[in-house]
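Participant: Can you look at this prediction? I've put the sequence above it.
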Amino acid sequence: MTTTERTGTGRVDGGVPVLEARSLVKYFPVRRARFGVGGSAVHAVEDVTLALPESGITAVVGESGSGKSTLARMLAQLIKPTSGSVLLDGKPAVPGRSYARAVQLVLQDPFESLNPVHSVRYHLARPLQVHGLTGGASLDGLVTELLERVSLTPADEFIAKLPHELSGGQRQRVAIARALAVRPRVLLADEPVSMLDVSIRLGLLNLLADLRDRDGLAVLYVTHDIASARYLADQIAVMYAGQVVESGPAAPLTDEPAHPYTQLLLSAAPDPDRPTPPTLAAQGAPPNLTRPPSGCRFHPRCPHAMTVCTQTAPPAFALTGGHSSACWLHARDLTAAQSQPLQGRGRGGQDDGPQQATAKETPA
Amino acid sequence: MSGQRTVAQGTLATPDPPGAGALIEVAGLHVDYGFGQDAVHAVVDVDFSLHRGEVLGLAGESGSGKSTLAYAVTRLLGPPGLITAGQVRFRGSVDMLSATEHELRGLRWNDIAVVLQASMNALNPVSRIGAQFADVLHAHRPRMSRAAMRKRSGELLEMVGIPADRLRSYPHELSGGMRQRVLIAMALALDPAVVIMDEPTTALDVVTQREILQELTALRDRLNFAVLFISHDLSLLVEIADSIAVMYAGRLVELGPAGDVYRAPRHPYSLGLLGSFPPMHGPHKRMQGIPGSPPDLRTPPAGCAFNPRCRYAFDRCDADPHPPLFALGDGRAAACWLQDGTETVPEALAGKTGVRP
């Protein structure tokens, strides 16, 4: 196998990105406020800014509860952000049919996202009819073309089938073909391969890469699997507790993670090439997002936590090559008091103090 | 290569270390779902053995029969599952397949414990953790006093890194990772010789998964139980298992020490599966995975079940019956006609390291 250069540009600086999230915030109320006070909310997404460039795959990596799916749903305009804006071609997006023609969402579970009583033909013809895209051409011809684009060939064999007659991978291809029917410019894929068998995942990921390269699609790839993000994406944004903690080009970000949370994630990921068993870079579990921690949301788990981390949320510090990390460790102008390590923790990551002993895991 | 290879028996493939018999020996095990013409052969002719202190990783995709195999071995398989042939021996003397319900009761949890996949469903939601520990201890150690049970339950929880005061919690008050730890602690309550774990960390986040695996490894080193660890994640198994058994369409297709299987797989399916995990290092390469999808076991392909997806398939693969597991030496075995000793083996499957694409 030969090493190939990535063809996707994946650059944010080259003009206006197709789709952009600016300071998106989403709170889900969990208890109704009485007389205007006392209501609490899950701070699911907090101030996330993200750009999806044309011909580029941007991966959002995070654990469950990190807000990555909420972000994808806000970008699809399925849920309304509490504040912040979604820009399509630099202009504020208006939810509705024209937006749906530009931005399409592919869901995780192809066993649930296809209607069991309808054939493949129906699933693919419906968006064409709803959006009036048939344009006099034969519907079956367009459906066949869509099936061929997702490599379900020969198309005649699949066109009349019902979802239960297809394998998981084939179903997910139908779901992608359905999203492609309206000729969108952005594809939001929320964990598109995590329900599929391991041996067929790469085929789907390669299909997304081909759509980027051939059709210039902007793709958002939401995943918990950082190895697949490294494989597929041009840019990676790592989310923790509703915030983007680190973002940058895929290879540098995974080879030299700058944020302690990314380091933790990478130290925990399965990697058979690791010479010795890994030592986890931190302990504990993500925080309860109805009462997120003060300052940096990772500080209760962070082996490098300093005084400033408990007080002020870190801004995103720009590193080299478009790589940025929201961590006070990158700040150069901290006072001695601010950079004082928290009790039981040192900058070297030696964490055997009392904080560590009790910070095992608390339920969300 | 000279001469045709012998067919591996489970004990040949993983030879006993001197002085230690296998804890579980499985030979020629067949499991069907349903009867007669309509029967689906979920497990076909499986041989393997599990030794004291060993972690055996059972890898395979969904529908490959790995859970069915585990349930058959422990006799937990319910209808319409049916064990149609084979032998399962525990400690060499107990015949698991002919054991009565009473005998099985004595073995289960005491000697063979099971940790199931859905930790959310395995615990009783309306009963405190402490009461659920007490249930287990009371059922198997009826003479144990309440105080002794409480003490033992607390010890078990602390063993898996949960404070003993959590005994007063209900399952919903614990996170997913903690619930899975509780189940592991419960499985270890009676100091079993064998723990069977069916995808114990699949529903968890990677960080929690890693913490649990590290605890499991430490406990295994301390208590020396054997683990049959079932997972679809081969890259994870390579890290934690001593040996690996790869299943495809109900059969064991490869067996061997974990590092060897990873570095130099001998079966095309293992090779393809390993090539389906994008690496964490190195330059970007386009990878291919395995074309096609796993077969429908109601209509299995003729010959080797993997031949329609195999890039090395040749005329024997669909003309001959499914290949048996050929012993390849050094505890390795593969069920592929390329490995029977008479064929020219492609370089990628020849057992040399460093050739995997």
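Facilitator: Ah, there it is. For clarity, every value in this text was computed on a predicted model and none was experimentally measured.
Participant: where along the stretch 101-250 of chain B do the strands fall?
Facilitator: Using DSSP state E, counting those that start in this stretch, the strands of the stretch 101-250 of chain B run over residues B:112-115, B:194-198, B:226-231, B:243-248.
Participant: what sits up against the first one?
Facilitator: For strand B:112-115, the external contacting residues (CB atoms under 8 Å, 6 or more residues apart in numbering or on different chains) are B:24, B:70, B:74, B:76, B:90, B:108, B:180, B:183-184, B:186-190, B:192-198, B:200. Glycine gets a C-beta too; all of them are placed from N, C-alpha and C.
Participant: Restrict the residues you listed to the buried ones and give me that as a ChimeraX selection.
Facilitator: Those of the contacts of strand B:112-115 that count as buried under 16 or more other CB atoms under 10 Å in any protein chain shown are selected in ChimeraX with:
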select /B:24,70,74,90,108,180,183,184,186,187,188,189,190,192,193,194,195,196,197,198,200
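Participant: and the contacts of strand B:112-115 near chain A, which?
Facilitator: With CB under 8 Å from any CB of the partner chain as the criterion, no member of these is in contact with chain A.
Participant: in what helix or strand does the nearest residue to B:Gln288 once chain neighbours are set aside lie?
Facilitator: Sequence neighbours aside, A:Leu202 is the residue nearest to B:Gln288 in space, at 6.4 Å (criterion: CB to CB, 6 or more residues apart in numbering or on different chains). Using DSSP states H and E, A:Leu202 falls within helix A:198-215.
Participant: Can you point out the buried residues in that helix?
Facilitator: For helix A:198-215, a neighbour-count test (16+ other CB under 10 Å) marks A:198-209, A:211-212 as buried.
Participant: burial count for the nearest residue to B:Asp205 once chain neighbours are set aside?
Facilitator: Leaving out its chain neighbours, the residue that sits closest to B:Asp205 by CB to CB, 6+ apart is A:Glu63, at 4.0 Å. Each residue near A:Glu63 was counted by other CB atoms under 10 Å in any protein chain shown, and the total is 20.
Participant: Then B:His284?
Facilitator: Residues within reach of B:His284, counting by other CB under 10 Å, total 16.
Participant: if I look at it, how far off is chain A?
Facilitator: Using CB to the nearest CB, to the nearest Å, one gets 6 Å for the distance from B:His284 to chain A.
Participant: Please verify my assumption that that residue contacts A:Leu232.
Facilitator: No: with the criterion set as CB atoms under 8 Å, B:His284 and A:Leu232 do not qualify as a contacting pair; they are 9.6 Å apart.
Participant: my read is A:Thr58 is in a helix, agree?
Facilitator: No: the secondary structure assignment for A:Thr58 gives strand rather than a helix, going by DSSP: H, G, I helix; E, B strand; the rest coil.
Participant: I'd like to know how far the nearest residue to it once chain neighbours are set aside sits from B:Gly282.
Facilitator: For A:Thr58, the nearest residue in space outside its immediate sequence neighbours is A:Gln235; the separation is 4.7 Å by CB to CB, 6+ apart. In this structure, A:Gln235 lies at 19 Å from B:Gly282, with CB to CB, to the nearest Å as the measure.
Participant: Of these two, which one has the most company?
Facilitator: Under the criterion of other CB under 10 Å, the comparison of A:Gln235 against B:Gly282 puts A:Gln235 first, with 26 against 10.
Participant: tell me the phi and psi of the more buried one?
Facilitator: Recorded main-chain torsions at A:Gln235 are phi -120, psi 150, according to degrees, to the nearest 10.
Participant: do you know how far it is from chain B?
Facilitator: In terms of CB to the nearest CB, A:Gln235 sits 14 Å off from chain B.
Participant: contacting residues around that residue?
Facilitator: Listed by CB under 8 Å, 6+ apart, the contact set of A:Gln235 reads A:10, A:12, A:56-59, A:247-250, A:322.
Participant: Closest to chain B out of those residues?
Facilitator: Distance to chain B, by CB to the nearest CB, is smallest for A:Ala250 among the contacts of A:Gln235, at 8.1 Å.
Participant: Surely that closest one and A:Ala237 touch.
Facilitator: No: here A:Ala250 does not reach A:Ala237: they are 10.4 Å apart, not a contact under CB under 8 Å.
Participant: anything in contact with each of those two?
Facilitator: By CB under 8 Å, 6+ apart, A:Ala250 and A:Ala237 have these common neighbours: A:Ala59.
Participant: re the thing from before, so the residue nearest to B:Gln288 sits against B:Arg286, correct?
Facilitator: No: the criterion here is CB under 8 Å, and A:Leu202 misses it with B:Arg286 at 9.1 Å.
Participant: For residue 82, grab the count of nearby residues.
Facilitator: Just going to use chain A. Neighbouring residues of A:Thr82 were enumerated by other CB under 10 Å; the total is 17.
Participant: Chain B is the one I meant
Facilitator: Counted with other CB under 10 Å, the burial measure for B:Leu82 works out to 15 neighbours.
Participant: does it have beta-bridge partners, and which?
Facilitator: Under DSSP bridges, the beta-bridge partners of B:Leu82 are B:Asp32.
Participant: what's B:Arg128 in contact with, if anything?
Facilitator: With contacts taken as CB under 8 Å, 6+ apart, B:Arg128 has the following neighbours: B:167-170.
Participant: And B:Arg152, by the same measure?
Facilitator: By CB under 8 Å, 6+ apart, the residues touching B:Arg152 are B:133, B:137, B:144, B:189.
Participant: how about B:Arg168, what does it touch?
Facilitator: When the contact criterion is CB under 8 Å, 6+ apart, the partners of B:Arg168 are B:128-130.
Participant: From A:Arg332, how far out is the nearest residue to A:Met306 once chain neighbours are set aside?
Facilitator: Of all residues beyond its chain neighbours, the one nearest A:Met306 is A:Ser339 (5.0 Å), with distances taken as CB to CB, 6+ apart. According to CB to CB, A:Ser339 stands 10 Å off from A:Arg332.
Participant: So between those two, which is more surrounded?
Facilitator: Comparing A:Ser339 with A:Arg332 by other CB under 10 Å, the one with more neighbours is A:Ser339, at 15 against 5.
Participant: isn't that one right next to A:Thr307, touching?
Facilitator: Yes: here A:Ser339 reaches A:Thr307: they are 7.3 Å apart, a contact under CB under 8 Å.
Participant: what about the helices in chain B?
Facilitator: Secondary structure of chain B (DSSP state H): helices located at B:10-13, B:66-73, B:101-107, B:119-122, B:129-140, B:146-159, B:176-187, B:206-223, B:234-240, B:258-263, B:268-274, B:315-319.
Participant: An error on my part: the question was meant for the stretch 251-364 of chain A.
Facilitator: Assigned helices in the stretch 251-364 of chain A, in chain order: A:260-268, A:307-311, A:354-358 (criterion: DSSP state H, counting those that start in this stretch).
Participant: now these in CSV, with distance to chain B and mean pLDDT?
Facilitator: What follows is the helices of the stretch 251-364 of chain A, written out as CSV (distance: least, CB to the nearest CB, whole Å; pLDDT from 0 to 100):
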stretch, distance to chain B, mean pLDDT
helix A:260-268, 4, 93
helix A:307-311, 19, 93
helix A:354-358, 8, 32
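Participant: can I get the ones you listed in a markdown table with distance to A:Gly90?
Facilitator: Formatted as a markdown table, those follow (distance: least, CB to CB, whole Å):
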| stretch | distance to A:Gly90 |
| --- | --- |
| helix A:260-268 | 30 |
| helix A:307-311 | 35 |
| helix A:354-358 | 46 |
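Participant: Just name the most buried of these.
Facilitator: helix A:260-268 (a mean of 24; mean count of other CB atoms under 10 Å in any protein chain shown).
Participant: C-alpha coordinates for that helix, CSV please?
Facilitator: What follows is the C-alpha trace of helix A:260-268 in CSV, where atoms were taken according to Å, rounded to 0.1, in the frame of the first residue of the first chain:
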residue,chain,number,x,y,z
PRO,A,260,-4.3,17.6,28.9
TYR,A,261,-7.8,16.2,28.0
THR,A,262,-6.7,15.2,24.5
GLN,A,263,-3.6,13.6,26.1
LEU,A,264,-5.9,11.6,28.4
LEU,A,265,-8.1,10.5,25.5
LEU,A,266,-5.1,9.4,23.5
SER,A,267,-3.5,7.6,26.5
ALA,A,268,-6.8,5.6,27.0
